[in-house]
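1. Next input, structure requested:
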Amino acid sequence: MEVKVLGGAREVGRSAFLVRGNTTRILLDFGVLIHKTPAFPIHIQRKDVDAVLLSHAHLDHSGAIPLLFFTSGVKVYATDLTFDLTKLLIEDFLKVSGFYLPFEYIELINMMRNTININYNERFKVGEFEITFLEAGHIAGGASIIIENGGKRLLYTGDLNVHETQLLRGAVTEFGELDFVITESTYALTDHPPRKDVEREFVNFAKEVVERGGTLLVPAFAVGRSQEIACVLKSANFPYRIAMDGMALKVNDIHLNHPEYLRDPNLLRKSLEDIEFISSWSERRRIAKTPSVIISPAGMLGGGAAVFYNSEVAKNSKNAIAIVSYQVADTPGRTLLDKGLALVNGKLKKVKAEIKRFDFSSHSGRTDLFKMFEKIKGNPKIITIHGDERACVNFAEELKERFGLDAIAPKPGDTFIV
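-> Down below sits the predicted model:
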């Protein structure tokens, strides 16, 4: 097999890898880099691809796939839940960024007509390749992917998290003997604090804010993080009002329609029964002034109902904002976290509300990534991707030093032989 890096090299975004065999060519993900003007992977023509294997729904992995559907398109393989979430996210992407996108809704429709649902641990064939999806623990329905051909075995980790959360089971990391690994490096330089400690600190903070008469805004990703926060509060028997708004409400229904992907679907169901769903501006204005916890996308405050809540909550020192999602540089969420500034009445102002960050990451941390490689059998070549340049380069160097593996942080366009 030959692997060409089309995106995701020394950056978090536009993940895309072309795997060629003797007669078959498949894409592992085909995502976008989210900026005001979205950036795409290295161009590839439809005729040069036989199929797409989609690891999970996030736009940095899925958002460019419609580009392959101006004509008849190719087959796209993923879990059924991944396809439901992908459709929702790309529809929203078109609404928010459609002016900048080189495809339209019809390409998304064509893509969804060419999907093939795959179950975890189901072995299937695409041309000469034999493929298996393994549970990845990152978001519901997400997968790591193993490709076998000619006696060689390739692992694409996708985004993975080995630890069980309130919402999800941890990743499967029994991969067997491998010849090539494409590994995420997002937190290769950083460990996360114990999840139970984070949950306890978050719940205690939420109680403090509401008990002093304040409103706690939790800007959270619609897919996964919003539902996780709801489950955390329910598990702790949080006694005060909780509201949820935005795209998270649609994602709730999608998750509940696929309970087999959840660690405890009854916990999510019970969590949502206790939550007030917000769907009108009158309700938003009311809840923003009510002592409560408000869970609302967008997680980086770049859009959605959270923008309104942020401007309202920011005005009062009784209130607080809990940052529970990763904040990309130059986003409103990062500006809030680093500088304490937010848009209030159209002007960038110092926030009066208390701001606190909680590490609810859905990626494996440094120690867990190295433990994963300790268990890997064989002597595989490694390429480190899906991290900033420092994380990818240092991770590759440490894999060489610790395990004697042939590891490299690739650049876009680099090609490797398995």
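2. Would you check that Val324 makes contact with Ser362?
-> No - between Val324 and Ser362 there is no contact under CB atoms under 8 Å: 10.7 Å. Any C-beta I mention is one placed from the backbone N, CA and C, and that applies to glycine too.
3. Where does Phe133 sit, in terms of helix or strand?
-> strand 129-135 (DSSP states H and E).
4. List the residues that contact Ala222.
-> 246-248, 250-251, 297-299, 304 (CB atoms under 8 Å, 6 or more residues apart in numbering).
5. Check for me that Met300 belongs to a helix.
-> No - counting by DSSP: H, G, I helix; E, B strand; the rest coil, one finds Met300 to be coil, located in no helix.
6. From Gly150, how far off is it?
-> Between Met300 and Gly150 the distance is 43 Å, computed by CB to CB, to the nearest Å.
7. neighbour count winner among those two?
-> Ranked by neighbour count (other CB atoms under 10 Å), Met300 and Gly150 place Met300 first, with 24 against 12.
8. tell me the contacts of that one?
-> Counted by CB under 8 Å, 6+ apart, Met300 has contacts 219, 325-328, 331-334.
9. need those in a markdown table with neighbour count, can you?
-> Formatted as a markdown table, the contacts of Met300 follow (neighbours: other CB atoms under 10 Å):
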| residue | neighbour count |
| --- | --- |
| Pro219 | 32 |
| Ser325 | 25 |
| Tyr326 | 20 |
| Gln327 | 20 |
| Val328 | 16 |
| Thr331 | 18 |
| Pro332 | 21 |
| Gly333 | 22 |
| Arg334 | 16 |
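10. In three-state terms, label the nearest residue to His163 once chain neighbours are set aside for me.
-> Nearest residue to His163, sequence neighbours excluded (CB to CB, 6 or more residues apart in numbering): Gly170, at 5.2 Å. Of the three states, Gly170 takes coil under three-state DSSP.
11. Gly142 is in contact with Gly170, correct?
-> No - with contacts counted by CB under 8 Å, Gly170 stays clear of Gly142, the gap being 12.0 Å.
12. how big is the angle separating the helix or strand containing Leu28 from strand 129-135?
-> Taking DSSP H and E as the criterion, Leu28 maps to strand 25-30. Interaxial angle, strand 25-30 versus strand 129-135 (axes from the mean of the first three to the mean of the last three CA atoms, to 10 degrees): 20 degrees.
13. and strand 25-30, which strands flank it?
-> strand 16-20 (antiparallel), strand 51-53 (parallel) (DSSP bridges).
14. can you redo those as JSON lines with distance to Cys392?
-> Converted to JSON lines, the strands paired with strand 25-30 look like this (distance: least, CB to CB, whole Å):
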{"stretch": "strand 16-20", "distance to Cys392": "14"}
{"stretch": "strand 51-53", "distance to Cys392": "22"}
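15. Columns distance to Asp274 and mean pLDDT on top of those strands, output as JSON lines?
-> Shown next, in JSON lines, are the strands paired with strand 25-30 (distance: least, CB to CB, whole Å; pLDDT from 0 to 100):
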{"stretch": "strand 16-20", "distance to Asp274": "41", "mean pLDDT": "98"}
{"stretch": "strand 51-53", "distance to Asp274": "38", "mean pLDDT": "98"}
